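> starting from these lines, generate the structure:
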Amino acid sequence: MTTTSRRLTEYAHGGGCACKIPPGELEDAVRGLVGQAGPDILVGLDAGDDGAVVRVRDDLAVISTADFFTPVVDDAYDWGRIAAANALSDVYAMGGHPVVAINLVGWPRGVLPMELLGEVLRGGLDVAAEACCPVIGGHTVDDPEPKYGMAVTGTVHPDRLLRNDAAEPGLPLTLTKPIGVGLLNNRHKSTGEVFPEAIEVMTRLNRDASEAALSAGARSGTDVTGFGLLGHLYKLARASGVGAVIDRTAVPTVTGAMEALAEGFVSGGTRRNLDWVGPHVSAGPGIGEDDLLLLADAQTSGGLLVVGEVPGYPVIGHTVAASPGEAGPIEVR
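The predicted structure follows:
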């Protein structure tokens with residue numbers, strides 16, 4: 001692990017996917033851009049899915065996605081690994097395989113040394129190599145706030161897509177990584193404490209989980225990142241016209257996350273997530289605000305949320321039929 005006296009998180013107004021534009025504001029901005037249609041556009045902007053998918057022939061489609069963010073940890077190499085795993089995750093969340101990536105960098109030259117940027121890029125390259133995905137070139141800008149990520153191109157068979165809008169009622173919901181890394185990242189930014197389990201979770205590829213979901217016959221799923229578990233579940237349920245029930249006690253958490261929650265290390269991004277999704281969530285007996293904040297915690301490089309049971313991963317709830325006119329209601333029990 002690379003050590004440095006410079007705390008990268010001090011140069012960022014928000015960490016990791018918690019620095020995303022809030023989902024409600026983003027949807028307002030892109031509302032007029034939806035509706036691009038064509039026989040070969042398999043997944044566009046309309047469903048708010050993890051990547052765009054275009055068919056190039058009957059047995060092959062291309063996935064295109066991009067993701068970058070401000071430092072989520074102080075270690076430059078780990079930040080690079082986390083950002084790369086997060087960018088690659090969008091391809092896995094669509095059921096695909098990444099084939100090439102390019103780097104996206106904003107760097108405060110003259111403030112942070114270029115050697116530190118080299119460590120960020122080395123981390124990204126190492127994780128991409130684990131994914132068997134070459135990183136060829138990229139684009140950099142001089143930016144007062146450091147940012148790093150990747151644009152990734154993947155491939156998928158058109159009949160094996162995992163989509164936001166393909167969920168059916170009456171199926172289990174599986175989550176492939178524990179949540180709570182946003183709370184620990186916020187604590188890390190505030191105190192400098194390092195949480196190895198959180199880093200391991202964020203750098204773990206979603207490749208195996210994606211392959212397991214497809215092998216189990218899943219056809220709907222998403223990854224859990226900046227909008228939190230509740231936000232991404234709501235987007236999936238709304239796109240599919242179903243509702244969902246979450247069993248709070250079945251949702252796994254990263255070690256230390258509950259303590260960080262109790263001590264108030266809740267990011268602004270998490271609170272904005274809950275403000276957005278709250279009107280569509282009903283809390284059962286014994287479910288308090290802290291439970292909802294945990295479920296709305298802004299994740300960075302989180303796991304896959306799969307509609308269907310995936311062997312080896314916990315089931316955290318199920319989908320239900322939605323009443324006419326209701327947009328993906330979610331009940332937390």
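> what residues are up against the residue nearest the centre of the chain?
In the chain, the C-alpha nearest the mean C-alpha coordinate belongs to T225, at 2.4 Å (Cα atoms, centre = their mean). By Cβ atoms under 8 Å, 6 or more residues apart in numbering, the residues touching T225 are 17, 20, 86, 89, 232, 298-302. For the C-beta atoms, the positions are set from N, CA and C on the backbone; glycine is no exception.
> same deal with V310?
So V310 contacts 174, 176, 209, 212-213, 216, 218 (Cβ under 8 Å, 6+ apart).
> give me the buried subset of those.
Neighbour-count burial (16 or more other Cβ atoms under 10 Å) applied to these gives 174, 176, 209, 212-213, 218.
> where's the residue located most distally from the centre of the chain relative to R122, distance?
Centroid-distance maximum for the chain: G110 at 31.6 Å, with Cα atoms, centre = their mean. Counting by Cβ to Cβ, to the nearest Å, the separation of G110 from R122 is 21 Å.
> okay, helices next: where are they in the stretch 51-200 of the chain?
In the stretch 51-200 of the chain, the segments counted as helices under DSSP state H, counting those that start in this stretch are 76-93, 114-130, 181-191, 196-203.
> run through the neighbouring helices and strands of the third one.
Going back to what we said before, that points to helix 181-191. Packing partners of helix 181-191 (3 or more Cβ pairs under 8 Å, 6 or more residues apart in numbering; DSSP states H and E): helix 196-203, helix 257-262, helix 268-277.
> C-terminal to the first one, what's the next element?
Right, helix 196-203. The helix or strand immediately downstream of helix 196-203 is helix 207-215, counting by DSSP states H and E.
> pLDDT on that next one, on average?
The average pLDDT within helix 207-215 is 98.
> and if you look at stretch 90-105?
In this model, stretch 90-105 has an average pLDDT of 98.
> then stretch 58-68?
Averaged across stretch 58-68, pLDDT comes to 97.
> list the contacts for N273?
By Cβ under 8 Å, 6+ apart, the contact list for N273 reads 22-23, 226-228, 230-231, 296-298.
> dump these to JSON lines, plus distance to R55.
Output for the contacts of N273, formatted as JSON lines (distance: Cβ to Cβ, whole Å):
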{"residue": "P22", "distance to R55": "32"}
{"residue": "P23", "distance to R55": "28"}
{"residue": "G226", "distance to R55": "28"}
{"residue": "F227", "distance to R55": "28"}
{"residue": "G228", "distance to R55": "32"}
{"residue": "L230", "distance to R55": "32"}
{"residue": "G231", "distance to R55": "29"}
{"residue": "A296", "distance to R55": "35"}
{"residue": "D297", "distance to R55": "36"}
{"residue": "A298", "distance to R55": "33"}
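> closest to V281 out of those residues?
Of all the contacts of N273, L230 has the smallest distance to V281: 6.2 Å, by Cβ to Cβ.
> how about the nearest residue to R109, chain neighbours excluded?
Leaving aside its chain neighbours, R109 sits nearest to D142 (5.3 Å; criterion: Cβ to Cβ, 6 or more residues apart in numbering).
> report the contact partners of the one you found.
106-109.
> most surrounded residue in the residues you listed?
Counting neighbours by other Cβ atoms under 10 Å, W107 leads the contacts of D142 with 21 neighbours.
> wait, that residue touches P144, no?
No. Using Cβ atoms under 8 Å, W107 is not in contact with P144, being 9.7 Å away.
> ok, and what's touching stretch 245-261?
Residues outside stretch 245-261 that contact it (Cβ under 8 Å, 6+ apart): 173, 175, 177-181, 183-184, 186-187, 195, 197-198, 201, 229-230, 233, 287, 290-291, 293-295, 297, 314-320, 330-333.
> of these, grab the buried ones for ChimeraX.
Here is the ChimeraX command that selects the buried residues among the contacts of stretch 245-261 (16+ other Cβ under 10 Å):
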select :173,175,177,178,179,180,181,183,184,186,187,195,198,201,229,230,233,287,291,293,294,295,297,314,316,317,318,319,320,330,331,332
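> what is the burial count for A87?
For A87, the neighbour count with other Cβ under 10 Å is 28.
> again, but for the one 4 residues further on
Using other Cβ under 10 Å, V91 has 29 other residues around it.
> name the nearest residue to it, sequence neighbours excluded.
Closest to V91 by Cβ to Cβ, 6+ apart is G154, at 3.5 Å.
> who's the one you found bridged to?
On the basis of DSSP bridges, G154 is bridged to I63, P98.
> ok now do it, which residues does it touch?
Counting by Cβ under 8 Å, 6+ apart, G154 touches 51, 62-65, 91, 94, 96-99.
> JSON lines please, covering the buried ones among the contacts of V310 and showing distance to A129.
What follows is these, written out as JSON lines (distance: Cβ to Cβ, whole Å):
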{"residue": "T174", "distance to A129": "28"}
{"residue": "T176", "distance to A129": "22"}
{"residue": "A209", "distance to A129": "19"}
{"residue": "A212", "distance to A129": "22"}
{"residue": "A213", "distance to A129": "24"}
{"residue": "A218", "distance to A129": "27"}
